[in-house]
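Student: one predicted model, sequence on top.
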There are 2 protein chains.
Amino acid sequence: MKDFHPTGTCPIRDILCRLGDKWSMLVMITLNTNGTMRFSDIQKTISDISQRMLTVTLRTLETDGLVSRTVYAEVPPRVEYQLTETGKTLMPHIENLVGWALEHMTDIFDNRKKTERQQPA
Amino acid sequence: MKDFHPTGTCPIRDILCRLGDKWSMLVMITLNTNGTMRFSDIQKTISDISQRMLTVTLRTLETDGLVSRTVYAEVPPRVEYQLTETGKTLMPHIENLVGWALEHMTDIFDNRKKTERQQPA
DNA sequence: CAGAATCCTCGCCGATACTG
DNA sequence: CAGTATCGGCGAGGATTCTG
């Protein structure tokens, strides 16, 4: 726990980096809140995600086994996403993190403003 | 909790994005494990971080009030870093996340390999 | 509706050189 | 020792277009 290895060989870094990307956590929180969702519903909920990035993010989460994807052979096509069991086990930790962020964001923003003033124009 | 706002206006996203950058969590884990550390000691522990990125990361964490920086007026200069009280309150959540990553990384890597094979050349 | 493919931009981050 | 300054690549991610 004292030393850390480069990304390629350190599983902890590898996994934390995935969660740290721009949309993964947001998508998982959305799925956890709303349960099973269609592609377009997710996009509506996270209004400023691009179609491309939603696709990429969902594929990555699926590859990692955190989200499952179900295609219904209909016209027009319907695809539904939901958290897997593994994905669900991650959610309490994410929620704790969100809770912490909510609790401390005032302090953090105050601190940023304070230190900003110390940098003269 | 159901809808999310664009980055600039959503404090949760703002803060989670900071933690999601390449080095912040790693630096905080290092400081939490070893207590007060000098700049060069942190760099030795996280062997593949560049000098520039360590400086930038520490400055950001300082601006957010998660890490404190103490300069000793000596020659050669000595600068020590440690987690603030606010920073310490974040650590249990990080550790939970790391714990989860350790617990599930085998499943995740297995899943990745499985789905990789489904993509033909 | 749910994507695949392409192009392009922007900013993260690393390497290097210099300083108090 | 602990930075700052500058340059440059490279890849994440956005906009757009096309399809089953």
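Tutor: Good, I have the coordinates. Source: prediction; values computed, not measured.
Student: for chain A, just list every one of the strands.
Tutor: Using DSSP state E, the strands of chain A run over A:37-38, A:67-72, A:78-83.
Student: same list (the ones you listed) but as TSV, adding distance to DNA strand D.
Tutor: Heads up, the C-betas are built off the backbone N, CA and C, glycines and all. Converted to TSV, these look like this (distance: least, CB to the nearest atom of the strand, whole Å):
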stretch	distance to DNA strand D
strand A:37-38	13
strand A:67-72	10
strand A:78-83	9
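Student: format those strands as a markdown table; extra columns: mean neighbour count and mean pLDDT.
Tutor: Shown next, in a markdown table, are the strands of chain A (neighbours: other CB atoms under 10 Å in any protein chain shown; pLDDT from 0 to 100):
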| stretch | mean neighbour count | mean pLDDT |
| --- | --- | --- |
| strand A:37-38 | 16 | 98 |
| strand A:67-72 | 13 | 98 |
| strand A:78-83 | 16 | 98 |
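Student: possible to save the ones you listed as a markdown table with distance to chain B?
Tutor: Shown next, in a markdown table, are the strands of chain A (distance: least, CB to the nearest CB, whole Å):
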| stretch | distance to chain B |
| --- | --- |
| strand A:37-38 | 11 |
| strand A:67-72 | 11 |
| strand A:78-83 | 13 |
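Student: okay if I get those as a markdown table plus distance to B:Lys88?
Tutor: Below are the strands of chain A laid out as a markdown table (distance: least, CB to CB, whole Å):
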| stretch | distance to B:Lys88 |
| --- | --- |
| strand A:37-38 | 37 |
| strand A:67-72 | 33 |
| strand A:78-83 | 31 |
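Student: among the ones you listed, which is nearest A:Leu31?
Tutor: For A:Leu31, the closest of the strands of chain A is strand A:78-83, at 5.1 Å, according to CB to CB.
Student: neighbouring strands of the closest one in the sheet, and parallel or not?
Tutor: strand A:37-38 (antiparallel), strand A:67-72 (antiparallel) (DSSP bridges).
Student: show me what the shortest one is in contact with.
Tutor: Counting contacts by CB atoms under 8 Å, 6 or more residues apart in numbering or on different chains, the residues outside strand A:37-38 that touch it are A:30-31, A:45, A:78-82.
Student: which pair in those spans the largest distance?
Tutor: Taking CB to CB, no two of those sit farther apart than A:Thr30 and A:Arg78, at 18.0 Å.
Student: would a markdown table of the contacts of strand A:37-38 with distance to B:Glu62 be doable?
Tutor: Formatted as a markdown table, the contacts of strand A:37-38 follow (distance: CB to CB, whole Å):
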| residue | distance to B:Glu62 |
| --- | --- |
| A:Thr30 | 33 |
| A:Leu31 | 35 |
| A:Thr45 | 35 |
| A:Arg78 | 49 |
| A:Val79 | 45 |
| A:Glu80 | 45 |
| A:Tyr81 | 39 |
| A:Gln82 | 41 |
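Student: which one of the residues you listed is nearest to A:Thr60?
Tutor: Distances from A:Thr60 to the contacts of strand A:37-38, taken by CB to CB, are shortest for A:Tyr81, at 12.5 Å.
Student: ok, now how distant is that closest one from B:Glu85?
Tutor: Taking CB to CB, to the nearest Å as the measure, A:Tyr81 falls 40 Å from B:Glu85.
Student: residues contacting the spatially most central residue of chain A?
Tutor: Centroid check for chain A by CA atoms, centre = their mean gives A:Met25 as the closest residue, at 1.2 Å. By CB under 8 Å, 6+ apart, the contact list for A:Met25 reads A:19, A:94, B:16, B:20.
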